[in-house]
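Participant: Quick check, what structure comes out for this input:
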Amino acid sequence: MEPRYGNWIGGREDFEGDPHLLKSPADGREVATVSFADAQKTRETIDAAREALKKWKSSGLEERQGLLLRLAERIQSRSEVYAFLESLNTGKTLRQSSLMDIPLGIDNLRYFATTKEFSLEREIEHPEYPGTHGLIQYAPMGVVASIAPWNVPFLMAVWKLGPALLAGNTVVLKPSHYTPLTALELGRDAAAAGFPPGVVNVVTGYGSVVGDSLIKDPRVNMVSFTGSTKTGRELLSGSSGLKKFTLELGGKSPNIVFADADLEQAARGVLFGIYLNSGQLCESGSRLIVQASIREPFLSTLRGLMERMRAGNPMDMETDISAITTEVQRQKISAMVESGLSAGARVYFQKDLASLCPPGGMYYAPTLLTDVRPDMEIAREEIFGPVLSAMEFTTEADAVELANQTDYGLAAGVWTTDLEKATRVASQIDAGTVWINEYHMLSAAAPRGGFKNSGIGRELGLEGIQECTQTRHIFVNRGRTDLDDVAYGLLLP
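Facilitator: Numbering: from 1, shown residues only. Reported below is the predicted structural model:
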(Lines give C-alpha, C1' and ligand atoms only; values in the text may rest on other atoms or scores of the structure.)
Protein backbone atom coordinates (compact mmCIF):
# COMPACT_ATOMS: atom_id res chain seq x y z
CA MET A 1 0.00 0.00 0.00
CA GLU A 2 1.31 3.45 -0.92
CA PRO A 3 2.33 5.77 1.96
CA ARG A 4 -0.04 8.44 3.20
CA TYR A 5 0.94 12.06 3.82
CA GLY A 6 -0.82 14.76 5.80
CA ASN A 7 -0.12 18.48 6.01
CA TRP A 8 2.28 19.89 8.60
CA ILE A 9 0.36 22.42 10.68
CA GLY A 10 1.53 23.77 14.02
CA GLY A 11 4.19 21.10 14.43
CA ARG A 12 1.97 18.07 13.78
CA GLU A 13 0.87 16.06 10.77
CA ASP A 14 -2.77 16.72 9.95
CA PHE A 15 -4.52 14.11 7.80
CA GLU A 16 -7.83 15.92 7.50
CA GLY A 17 -8.71 16.80 3.94
CA ASP A 18 -9.48 15.19 0.61
CA PRO A 19 -7.21 12.20 -0.12
CA HIS A 20 -5.51 12.40 -3.53
CA LEU A 21 -3.56 9.58 -5.15
CA LEU A 22 -0.30 10.63 -6.82
CA LYS A 23 1.18 8.70 -9.74
CA SER A 24 4.76 8.91 -10.94
CA PRO A 25 5.37 10.63 -14.29
CA ALA A 26 8.36 8.31 -14.68
CA ASP A 27 6.41 5.08 -15.06
CA GLY A 28 2.81 5.65 -13.97
CA ARG A 29 3.08 3.75 -10.71
CA GLU A 30 1.04 4.81 -7.67
CA VAL A 31 3.30 6.81 -5.36
CA ALA A 32 1.41 8.11 -2.32
CA THR A 33 -1.88 9.43 -1.02
CA VAL A 34 -1.79 13.08 0.05
CA SER A 35 -4.40 15.02 2.03
CA PHE A 36 -5.38 18.17 0.15
CA ALA A 37 -6.30 21.11 2.34
CA ASP A 38 -9.34 23.32 1.90
CA ALA A 39 -9.77 27.02 2.68
CA GLN A 40 -10.62 26.36 6.34
CA LYS A 41 -7.53 24.19 6.82
CA THR A 42 -5.43 26.92 5.22
CA ARG A 43 -6.83 29.44 7.70
CA GLU A 44 -5.91 27.09 10.55
CA THR A 45 -2.37 26.94 9.19
CA ILE A 46 -2.15 30.73 9.15
CA ASP A 47 -3.47 30.72 12.74
CA ALA A 48 -0.60 28.43 13.75
CA ALA A 49 1.96 30.61 11.97
CA ARG A 50 0.62 33.80 13.58
CA GLU A 51 0.75 32.24 17.04
CA ALA A 52 4.31 30.98 16.56
CA LEU A 53 5.43 34.38 15.26
CA LYS A 54 4.95 35.96 18.70
CA LYS A 55 8.09 34.27 20.02
CA TRP A 56 9.98 33.35 16.86
CA LYS A 57 10.38 36.96 15.67
CA SER A 58 12.25 37.72 18.91
CA SER A 59 14.63 34.77 18.55
CA GLY A 60 18.30 35.43 17.88
CA LEU A 61 20.32 34.60 14.81
CA GLU A 62 22.24 31.93 16.71
CA GLU A 63 19.05 30.05 17.53
CA ARG A 64 17.68 30.32 14.01
CA GLN A 65 20.91 29.23 12.38
CA GLY A 66 21.37 26.38 14.83
CA LEU A 67 17.99 24.95 13.88
CA LEU A 68 18.66 25.38 10.17
CA LEU A 69 21.93 23.48 10.58
CA ARG A 70 20.19 20.68 12.45
CA LEU A 71 17.63 20.49 9.67
CA ALA A 72 20.40 20.28 7.04
CA GLU A 73 22.09 17.48 8.98
CA ARG A 74 18.85 15.55 9.36
CA ILE A 75 18.10 15.80 5.63
CA GLN A 76 21.68 14.72 4.88
CA SER A 77 21.11 11.56 6.91
CA ARG A 78 18.02 10.81 4.79
CA SER A 79 19.31 12.11 1.47
CA GLU A 80 18.70 8.83 -0.38
CA VAL A 81 15.04 8.89 0.66
CA TYR A 82 14.70 12.49 -0.54
CA ALA A 83 16.37 11.71 -3.88
CA PHE A 84 14.15 8.69 -4.49
CA LEU A 85 10.94 10.56 -3.66
CA GLU A 86 11.98 13.63 -5.69
CA SER A 87 12.51 11.54 -8.82
CA LEU A 88 9.49 9.33 -8.26
CA ASN A 89 7.22 12.34 -7.78
CA THR A 90 8.58 14.59 -10.56
CA GLY A 91 9.91 12.13 -13.14
CA LYS A 92 13.37 13.69 -13.18
CA THR A 93 16.30 11.30 -13.36
CA LEU A 94 17.43 9.70 -10.14
CA ARG A 95 20.97 10.72 -11.04
CA GLN A 96 19.96 14.39 -11.11
CA SER A 97 18.15 14.13 -7.77
CA SER A 98 20.97 12.18 -6.14
CA LEU A 99 23.92 14.17 -7.47
CA MET A 100 22.48 17.65 -7.91
CA ASP A 101 19.11 18.65 -6.47
CA ILE A 102 19.31 17.09 -3.00
CA PRO A 103 23.03 17.79 -2.31
CA LEU A 104 22.66 21.35 -3.61
CA GLY A 105 19.63 21.92 -1.39
CA ILE A 106 21.50 20.65 1.66
CA ASP A 107 24.47 22.90 0.85
CA ASN A 108 22.10 25.84 0.43
CA LEU A 109 20.56 25.19 3.85
CA ARG A 110 24.06 25.09 5.33
CA TYR A 111 24.77 28.47 3.74
CA PHE A 112 21.82 30.05 5.52
CA ALA A 113 22.80 28.24 8.71
CA THR A 114 26.34 29.63 8.68
CA THR A 115 26.38 32.91 6.73
CA LYS A 116 27.83 35.93 8.52
CA GLU A 117 26.66 38.41 5.87
CA PHE A 118 23.26 39.00 7.41
CA SER A 119 22.88 40.85 10.69
CA LEU A 120 19.81 42.02 12.56
CA GLU A 121 20.98 45.63 12.66
CA ARG A 122 23.68 48.03 11.55
CA GLU A 123 24.70 51.48 12.72
CA ILE A 124 24.84 54.54 10.48
CA GLU A 125 25.93 58.13 10.90
CA HIS A 126 23.69 61.06 9.97
CA PRO A 127 25.94 63.48 8.05
CA GLU A 128 23.41 66.27 8.48
CA TYR A 129 23.20 65.93 12.28
CA PRO A 130 26.53 65.74 14.19
CA GLY A 131 26.22 64.11 17.60
CA THR A 132 23.55 61.65 16.44
CA HIS A 133 23.55 58.18 14.93
CA GLY A 134 21.03 55.71 13.60
CA LEU A 135 20.29 52.03 14.07
CA ILE A 136 18.93 50.25 10.98
CA GLN A 137 17.11 47.13 12.12
CA TYR A 138 16.03 44.29 9.83
CA ALA A 139 12.71 43.17 11.28
CA PRO A 140 10.81 40.12 10.00
CA MET A 141 7.87 40.66 7.68
CA GLY A 142 5.69 38.31 9.76
CA VAL A 143 3.91 35.35 8.16
CA VAL A 144 5.35 34.48 4.76
CA ALA A 145 3.31 32.43 2.32
CA SER A 146 5.72 30.56 0.06
CA ILE A 147 4.12 29.13 -3.07
CA ALA A 148 6.40 26.75 -4.96
CA PRO A 149 6.18 25.15 -8.43
CA TRP A 150 6.23 21.49 -9.44
CA ASN A 151 9.56 21.29 -11.29
CA VAL A 152 12.17 21.37 -8.48
CA PRO A 153 10.09 20.95 -5.30
CA PHE A 154 12.91 20.20 -2.86
CA LEU A 155 15.21 23.02 -3.95
CA MET A 156 12.30 25.45 -4.05
CA ALA A 157 11.26 24.46 -0.53
CA VAL A 158 14.80 25.13 0.72
CA TRP A 159 15.04 28.43 -1.17
CA LYS A 160 11.71 29.56 0.27
CA LEU A 161 12.32 28.43 3.84
CA GLY A 162 15.99 29.33 4.41
CA PRO A 163 15.92 33.12 3.92
CA ALA A 164 12.49 33.61 5.50
CA LEU A 165 13.31 31.63 8.65
CA LEU A 166 16.73 33.23 9.06
CA ALA A 167 15.06 36.65 8.88
CA GLY A 168 12.70 35.67 11.74
CA ASN A 169 9.49 34.96 9.83
CA THR A 170 7.16 32.02 10.20
CA VAL A 171 6.33 30.25 6.96
CA VAL A 172 3.38 28.58 5.32
CA LEU A 173 4.89 26.61 2.43
CA LYS A 174 2.51 25.50 -0.29
CA PRO A 175 4.18 23.02 -2.64
CA SER A 176 2.57 22.16 -5.95
CA HIS A 177 -0.27 19.68 -5.64
CA TYR A 178 1.51 17.67 -8.34
CA THR A 179 4.81 17.26 -6.46
CA PRO A 180 4.43 17.80 -2.69
CA LEU A 181 6.29 14.77 -1.29
CA THR A 182 9.77 16.12 -0.48
CA ALA A 183 8.27 19.36 0.87
CA LEU A 184 6.07 17.34 3.21
CA GLU A 185 9.10 15.29 4.25
CA LEU A 186 10.90 18.56 4.94
CA GLY A 187 8.04 19.68 7.17
CA ARG A 188 8.35 16.43 9.08
CA ASP A 189 12.10 16.87 9.47
CA ALA A 190 11.76 20.51 10.53
CA ALA A 191 9.61 19.35 13.45
CA ALA A 192 12.13 16.61 14.29
CA ALA A 193 14.99 19.14 14.13
CA GLY A 194 13.34 21.18 16.86
CA PHE A 195 11.68 24.11 15.11
CA PRO A 196 8.94 25.41 17.42
CA PRO A 197 5.40 24.38 16.40
CA GLY A 198 3.97 26.70 13.78
CA VAL A 199 7.26 28.16 12.58
CA VAL A 200 7.44 25.79 9.59
CA ASN A 201 4.09 24.74 8.10
CA VAL A 202 3.57 22.80 4.89
CA VAL A 203 0.09 22.66 3.38
CA THR A 204 -0.76 21.30 -0.04
CA GLY A 205 -3.76 21.39 -2.31
CA TYR A 206 -5.01 23.21 -5.36
CA GLY A 207 -3.71 26.69 -6.07
CA SER A 208 -7.26 27.93 -6.60
CA VAL A 209 -8.07 26.89 -3.02
CA VAL A 210 -4.95 26.98 -0.84
CA GLY A 211 -2.99 29.55 -2.85
CA ASP A 212 -6.01 31.80 -3.18
CA SER A 213 -6.68 31.62 0.57
CA LEU A 214 -3.08 32.55 1.35
CA ILE A 215 -2.89 35.62 -0.86
CA LYS A 216 -6.30 36.92 0.22
CA ASP A 217 -5.81 36.50 3.96
CA PRO A 218 -4.80 39.83 5.53
CA ARG A 219 -2.82 37.99 8.22
CA VAL A 220 -0.28 36.91 5.60
CA ASN A 221 2.33 39.67 5.37
CA MET A 222 4.40 38.51 2.42
CA VAL A 223 4.02 36.17 -0.55
CA SER A 224 7.00 34.49 -2.19
CA PHE A 225 5.89 32.88 -5.45
CA THR A 226 7.72 30.92 -8.13
CA GLY A 227 5.84 29.94 -11.26
CA SER A 228 4.52 31.26 -14.55
CA THR A 229 4.33 34.94 -15.42
CA LYS A 230 0.59 34.59 -16.07
CA THR A 231 -0.06 33.20 -12.59
CA GLY A 232 2.22 35.81 -11.01
CA ARG A 233 0.13 38.58 -12.53
CA GLU A 234 -3.05 36.93 -11.27
CA LEU A 235 -1.66 36.71 -7.74
CA LEU A 236 -0.80 40.40 -7.71
CA SER A 237 -4.25 41.41 -8.90
CA GLY A 238 -6.01 39.03 -6.49
CA SER A 239 -4.10 39.95 -3.33
CA SER A 240 -5.75 41.62 -0.38
CA GLY A 241 -4.06 44.47 1.45
CA LEU A 242 -0.54 45.78 0.92
CA LYS A 243 1.33 42.50 0.98
CA LYS A 244 4.93 42.35 -0.11
CA PHE A 245 5.53 40.09 -3.12
CA THR A 246 8.61 38.45 -4.52
CA LEU A 247 7.91 36.78 -7.85
CA GLU A 248 10.31 34.48 -9.70
CA LEU A 249 8.54 33.90 -12.99
CA GLY A 250 9.09 32.61 -16.50
CA GLY A 251 12.13 32.75 -18.72
CA LYS A 252 13.21 32.47 -22.34
CA SER A 253 16.93 32.42 -21.71
CA PRO A 254 19.57 32.74 -24.45
CA ASN A 255 22.84 30.87 -24.78
CA ILE A 256 25.20 32.94 -26.96
CA VAL A 257 28.05 31.00 -28.60
CA PHE A 258 30.84 33.01 -30.22
CA ALA A 259 33.15 31.60 -32.87
CA ASP A 260 36.14 31.75 -30.50
CA ALA A 261 34.47 29.54 -27.87
CA ASP A 262 35.71 26.09 -26.95
CA LEU A 263 33.05 24.45 -29.13
CA GLU A 264 33.05 21.08 -27.37
CA GLN A 265 32.69 22.70 -23.96
CA ALA A 266 30.07 25.11 -25.27
CA ALA A 267 28.04 22.32 -26.87
CA ARG A 268 28.05 20.36 -23.63
CA GLY A 269 27.02 23.49 -21.73
CA VAL A 270 24.23 24.34 -24.17
CA LEU A 271 22.94 20.77 -24.00
CA PHE A 272 23.04 20.88 -20.18
CA GLY A 273 21.36 24.28 -20.23
CA ILE A 274 18.25 23.09 -22.08
CA TYR A 275 17.90 19.33 -21.58
CA LEU A 276 18.55 19.09 -17.83
CA ASN A 277 15.25 18.07 -16.24
CA SER A 278 13.84 17.90 -19.78
CA GLY A 279 13.91 21.68 -19.98
CA GLN A 280 11.52 22.07 -17.06
CA LEU A 281 13.53 24.80 -15.34
CA CYS A 282 12.58 28.47 -15.52
CA GLU A 283 16.12 29.54 -16.42
CA SER A 284 16.59 26.81 -19.07
CA GLY A 285 18.61 28.05 -22.04
CA SER A 286 15.92 27.46 -24.63
CA ARG A 287 17.36 29.88 -27.23
CA LEU A 288 20.67 29.05 -28.92
CA ILE A 289 22.22 32.18 -30.49
CA VAL A 290 25.25 30.94 -32.43
CA GLN A 291 27.70 32.93 -34.54
CA ALA A 292 27.01 32.30 -38.23
CA SER A 293 30.57 31.28 -39.09
CA ILE A 294 30.41 28.22 -36.81
CA ARG A 295 26.74 27.35 -37.18
CA GLU A 296 27.14 24.04 -39.01
CA PRO A 297 30.06 22.56 -37.03
CA PHE A 298 28.46 23.64 -33.75
CA LEU A 299 25.05 22.16 -34.57
CA SER A 300 26.77 18.96 -35.72
CA THR A 301 28.65 18.73 -32.42
CA LEU A 302 25.44 19.33 -30.51
CA ARG A 303 23.63 16.65 -32.49
CA GLY A 304 26.37 14.15 -31.71
CA LEU A 305 26.01 14.81 -27.99
CA MET A 306 22.22 14.50 -28.17
CA GLU A 307 22.56 11.12 -29.87
CA ARG A 308 24.58 9.91 -26.88
CA MET A 309 21.87 10.80 -24.33
CA ARG A 310 20.42 7.61 -22.87
CA ALA A 311 16.67 7.11 -22.64
CA GLY A 312 15.05 4.74 -20.16
CA ASN A 313 13.34 4.73 -16.81
CA PRO A 314 14.42 7.88 -14.89
CA MET A 315 14.51 5.77 -11.73
CA ASP A 316 17.53 3.98 -13.25
CA MET A 317 20.80 5.77 -12.42
CA GLU A 318 22.02 5.21 -16.00
CA THR A 319 19.16 7.19 -17.60
CA ASP A 320 19.84 10.73 -18.86
CA ILE A 321 16.40 11.92 -19.99
CA SER A 322 13.78 13.04 -17.47
CA ALA A 323 10.05 12.60 -17.86
CA ILE A 324 7.62 15.49 -18.32
CA THR A 325 6.04 16.04 -14.92
CA THR A 326 2.45 16.74 -16.01
CA GLU A 327 0.33 15.77 -18.99
CA VAL A 328 -0.82 19.38 -19.35
CA GLN A 329 2.80 20.45 -19.79
CA ARG A 330 3.54 17.70 -22.31
CA GLN A 331 0.61 18.85 -24.43
CA LYS A 332 1.78 22.48 -24.23
CA ILE A 333 5.27 21.53 -25.42
CA SER A 334 3.84 19.59 -28.36
CA ALA A 335 1.51 22.44 -29.34
CA MET A 336 4.33 25.01 -29.27
CA VAL A 337 6.59 22.86 -31.44
CA GLU A 338 3.77 22.37 -33.95
CA SER A 339 3.25 26.14 -33.96
CA GLY A 340 6.94 26.65 -34.70
CA LEU A 341 6.96 24.12 -37.54
CA SER A 342 3.86 25.72 -39.05
CA ALA A 343 5.64 29.09 -38.95
CA GLY A 344 8.64 27.74 -40.85
CA ALA A 345 10.98 26.25 -38.24
CA ARG A 346 12.67 22.95 -39.07
CA VAL A 347 13.53 19.92 -36.94
CA TYR A 348 17.30 19.61 -37.18
CA PHE A 349 17.35 16.67 -34.78
CA GLN A 350 14.91 14.89 -32.48
CA LYS A 351 15.98 12.10 -30.19
CA ASP A 352 14.30 8.78 -30.99
CA LEU A 353 12.85 7.55 -27.70
CA ALA A 354 10.88 4.73 -29.40
CA SER A 355 10.10 2.07 -26.80
CA LEU A 356 13.04 2.94 -24.52
CA CYS A 357 10.97 4.81 -21.91
CA PRO A 358 8.44 3.13 -19.59
CA PRO A 359 5.02 2.94 -21.31
CA GLY A 360 3.23 4.36 -18.25
CA GLY A 361 5.41 7.48 -18.10
CA MET A 362 5.16 10.88 -19.78
CA TYR A 363 7.94 11.92 -22.15
CA TYR A 364 8.84 14.36 -24.89
CA ALA A 365 11.85 13.73 -27.08
CA PRO A 366 14.78 16.19 -26.83
CA THR A 367 14.41 18.37 -29.92
CA LEU A 368 16.60 20.89 -31.78
CA LEU A 369 14.86 23.36 -34.10
CA THR A 370 16.57 25.54 -36.71
CA ASP A 371 15.35 28.24 -39.12
CA VAL A 372 13.76 29.93 -36.12
CA ARG A 373 12.93 33.62 -36.46
CA PRO A 374 12.79 35.99 -33.48
CA ASP A 375 9.11 36.75 -34.12
CA MET A 376 8.00 33.11 -33.80
CA GLU A 377 6.18 31.94 -30.67
CA ILE A 378 8.81 29.23 -30.23
CA ALA A 379 11.46 31.97 -29.96
CA ARG A 380 9.51 34.35 -27.72
CA GLU A 381 7.43 32.33 -25.26
CA GLU A 382 8.54 29.98 -22.50
CA ILE A 383 8.18 26.36 -23.62
CA PHE A 384 9.30 24.67 -20.38
CA GLY A 385 10.35 21.53 -22.19
CA PRO A 386 13.31 19.85 -23.95
CA VAL A 387 13.20 22.00 -27.08
CA LEU A 388 16.08 24.20 -28.23
CA SER A 389 15.45 26.93 -30.83
CA ALA A 390 18.57 27.89 -32.80
CA MET A 391 19.19 31.33 -34.33
CA GLU A 392 22.38 32.86 -35.69
CA PHE A 393 24.16 36.21 -35.46
CA THR A 394 27.06 37.96 -37.16
CA THR A 395 28.31 40.70 -34.85
CA GLU A 396 28.53 41.16 -31.11
CA ALA A 397 25.85 43.83 -31.28
CA ASP A 398 23.57 41.42 -33.16
CA ALA A 399 24.03 38.83 -30.41
CA VAL A 400 23.05 41.28 -27.66
CA GLU A 401 20.03 42.49 -29.64
CA LEU A 402 18.79 38.93 -30.22
CA ALA A 403 19.37 37.99 -26.60
CA ASN A 404 17.26 40.91 -25.38
CA GLN A 405 14.51 40.42 -27.99
CA THR A 406 12.09 38.85 -25.53
CA ASP A 407 9.79 39.97 -22.74
CA TYR A 408 11.68 37.79 -20.26
CA GLY A 409 14.98 38.34 -18.47
CA LEU A 410 15.73 35.54 -16.05
CA ALA A 411 19.08 34.11 -17.17
CA ALA A 412 21.56 33.85 -20.03
CA GLY A 413 24.81 32.17 -21.03
CA VAL A 414 27.82 33.53 -22.93
CA TRP A 415 30.45 31.22 -24.44
CA THR A 416 33.81 32.63 -25.56
CA THR A 417 37.48 32.37 -24.61
CA ASP A 418 37.69 36.19 -24.63
CA LEU A 419 36.66 37.00 -21.05
CA GLU A 420 36.78 40.74 -21.64
CA LYS A 421 34.25 40.36 -24.44
CA ALA A 422 32.22 37.91 -22.35
CA THR A 423 31.91 40.36 -19.48
CA ARG A 424 31.09 43.21 -21.85
CA VAL A 425 28.30 41.21 -23.47
CA ALA A 426 27.01 39.82 -20.17
CA SER A 427 26.71 43.35 -18.80
CA GLN A 428 24.40 44.30 -21.67
CA ILE A 429 21.99 41.39 -21.33
CA ASP A 430 18.73 42.09 -19.52
CA ALA A 431 18.84 39.11 -17.18
CA GLY A 432 19.18 38.52 -13.45
CA THR A 433 21.82 35.80 -13.86
CA VAL A 434 24.38 35.55 -16.67
CA TRP A 435 26.81 32.65 -16.81
CA ILE A 436 30.10 32.88 -18.68
CA ASN A 437 31.29 29.51 -20.05
CA GLU A 438 28.84 27.80 -17.69
CA TYR A 439 25.14 27.23 -17.17
CA HIS A 440 22.66 26.29 -14.43
CA MET A 441 25.20 26.67 -11.60
CA LEU A 442 23.32 28.40 -8.77
CA SER A 443 24.89 29.52 -5.52
CA ALA A 444 22.96 30.23 -2.32
CA ALA A 445 25.30 33.20 -1.80
CA ALA A 446 24.18 34.86 -5.06
CA PRO A 447 20.84 36.65 -5.55
CA ARG A 448 18.47 34.97 -8.01
CA GLY A 449 15.64 36.66 -9.88
CA GLY A 450 14.65 38.27 -13.14
CA PHE A 451 14.37 41.41 -15.20
CA LYS A 452 11.26 42.45 -17.15
CA ASN A 453 8.45 39.83 -17.08
CA SER A 454 10.65 37.34 -15.25
CA GLY A 455 9.79 38.69 -11.84
CA ILE A 456 10.06 41.07 -8.92
CA GLY A 457 12.59 40.86 -6.10
CA ARG A 458 15.31 38.33 -5.39
CA GLU A 459 15.79 34.98 -3.69
CA LEU A 460 19.02 33.63 -2.18
CA GLY A 461 22.08 35.54 -1.08
CA LEU A 462 22.06 38.52 1.26
CA GLU A 463 19.57 40.23 -1.04
CA GLY A 464 17.17 37.28 -0.73
CA ILE A 465 17.34 37.34 3.05
CA GLN A 466 16.76 41.09 3.17
CA GLU A 467 13.73 40.69 0.90
CA CYS A 468 12.14 38.86 3.84
CA THR A 469 12.60 41.84 6.15
CA GLN A 470 11.31 45.35 6.70
CA THR A 471 13.71 48.02 7.87
CA ARG A 472 13.31 50.13 10.97
CA HIS A 473 15.38 53.29 11.51
CA ILE A 474 16.00 54.31 15.11
CA PHE A 475 17.31 57.88 15.35
CA VAL A 476 19.53 58.32 18.42
CA ASN A 477 20.54 61.72 19.78
CA ARG A 478 23.39 61.35 22.27
CA GLY A 479 22.44 64.62 24.01
CA ARG A 480 21.42 68.21 23.40
CA THR A 481 22.99 69.80 20.31
CA ASP A 482 23.09 73.21 18.70
CA LEU A 483 20.97 71.82 15.91
CA ASP A 484 18.16 71.19 18.39
CA ASP A 485 18.01 74.88 19.15
CA VAL A 486 17.91 75.71 15.44
CA ALA A 487 15.23 73.10 14.68
CA TYR A 488 13.05 73.74 17.68
CA GLY A 489 13.52 77.47 17.15
CA LEU A 490 11.40 77.15 14.01
CA LEU A 491 8.43 76.91 16.35
CA LEU A 492 9.78 78.25 19.63
CA PRO A 493 11.88 81.40 18.94
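Participant: tell me the contacts of the residue most central in space within the chain?
Facilitator: Most central in the chain under CA atoms, centre = their mean is M156, positioned 5.3 Å from the mean C-alpha point. By CB atoms under 8 Å, 6 or more residues apart in numbering, the contact list for M156 reads 148-149, 175, 226. Placement of C-beta: from N, CA and C, glycine included.
Participant: Recalculate using a threshold of 6 Å.
Facilitator: 148, 226 (CB atoms under 6 Å, 6 or more residues apart in numbering).
Participant: Quickly note the distance from the closest residue to F15 other than its chain neighbours to A191.
Facilitator: The shortest distance from F15 to any residue other than its chain neighbours is 3.8 Å, reached at G6 (CB to CB, 6 or more residues apart in numbering). For G6, the distance to A191 equals 12 Å [CB to CB, to the nearest Å].
Participant: Report the secondary structure element holding E63.
Facilitator: Secondary structure from DSSP states H and E places E63 in helix 61-77.
Participant: Identify the residues contacting whatever helix or strand comes next after that helix?
Facilitator: The helix or strand immediately downstream of helix 61-77 is helix 79-90, counting by DSSP H and E. By CB under 6 Å, 6+ apart, the surrounding residues in contact with helix 79-90 are 24, 31, 94, 97-98, 101-102, 154, 179, 181-182, 314, 325.
Participant: Next, format those as a markdown table and append pLDDT.
Facilitator: Formatted as a markdown table, the contacts of helix 79-90 follow (pLDDT from 0 to 100):
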| residue | pLDDT |
| --- | --- |
| S24 | 98 |
| V31 | 96 |
| L94 | 98 |
| S97 | 98 |
| S98 | 98 |
| D101 | 98 |
| I102 | 98 |
| F154 | 98 |
| T179 | 98 |
| L181 | 98 |
| T182 | 98 |
| P314 | 98 |
| T325 | 98 |
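Participant: Save these as JSON lines, and put in secondary structure too.
Facilitator: Shown next, in JSON lines, are those (DSSP: H, G, I helix; E, B strand; the rest coil):
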{"residue": "S24", "secondary structure": "coil"}
{"residue": "V31", "secondary structure": "strand"}
{"residue": "L94", "secondary structure": "helix"}
{"residue": "S97", "secondary structure": "helix"}
{"residue": "S98", "secondary structure": "helix"}
{"residue": "D101", "secondary structure": "helix"}
{"residue": "I102", "secondary structure": "helix"}
{"residue": "F154", "secondary structure": "helix"}
{"residue": "T179", "secondary structure": "coil"}
{"residue": "L181", "secondary structure": "helix"}
{"residue": "T182", "secondary structure": "helix"}
{"residue": "P314", "secondary structure": "coil"}
{"residue": "T325", "secondary structure": "coil"}
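Participant: May I see these organised as JSON lines, with neighbour count and distance to G66 added?
Facilitator: Putting those into JSON lines (neighbours: other CB atoms under 10 Å; distance: CB to CB, whole Å) gives the following:
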{"residue": "S24", "neighbour count": "24", "distance to G66": "36"}
{"residue": "V31", "neighbour count": "19", "distance to G66": "34"}
{"residue": "L94", "neighbour count": "22", "distance to G66": "32"}
{"residue": "S97", "neighbour count": "29", "distance to G66": "28"}
{"residue": "S98", "neighbour count": "18", "distance to G66": "28"}
{"residue": "D101", "neighbour count": "23", "distance to G66": "25"}
{"residue": "I102", "neighbour count": "27", "distance to G66": "22"}
{"residue": "F154", "neighbour count": "28", "distance to G66": "22"}
{"residue": "T179", "neighbour count": "29", "distance to G66": "30"}
{"residue": "L181", "neighbour count": "24", "distance to G66": "27"}
{"residue": "T182", "neighbour count": "31", "distance to G66": "23"}
{"residue": "P314", "neighbour count": "30", "distance to G66": "36"}
{"residue": "T325", "neighbour count": "27", "distance to G66": "35"}
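Participant: wait, which of those is closest to E123?
Facilitator: F154 (38.6 Å; CB to CB).
Participant: Can you pull out the low-pLDDT segments for the chain?
Facilitator: 1 (pLDDT under 70).
Participant: and it, what are its domains?
Facilitator: 4-249+454-474, 254-436 (automatic domain parsing).
Participant: Run the chain-centre distance for the last one.
Facilitator: Going back to what we said before, that points to domain 254-436. Computed by CA atoms, centre = their mean, to the nearest Å, the separation of domain 254-436 from the middle of its chain amounts to 19 Å.
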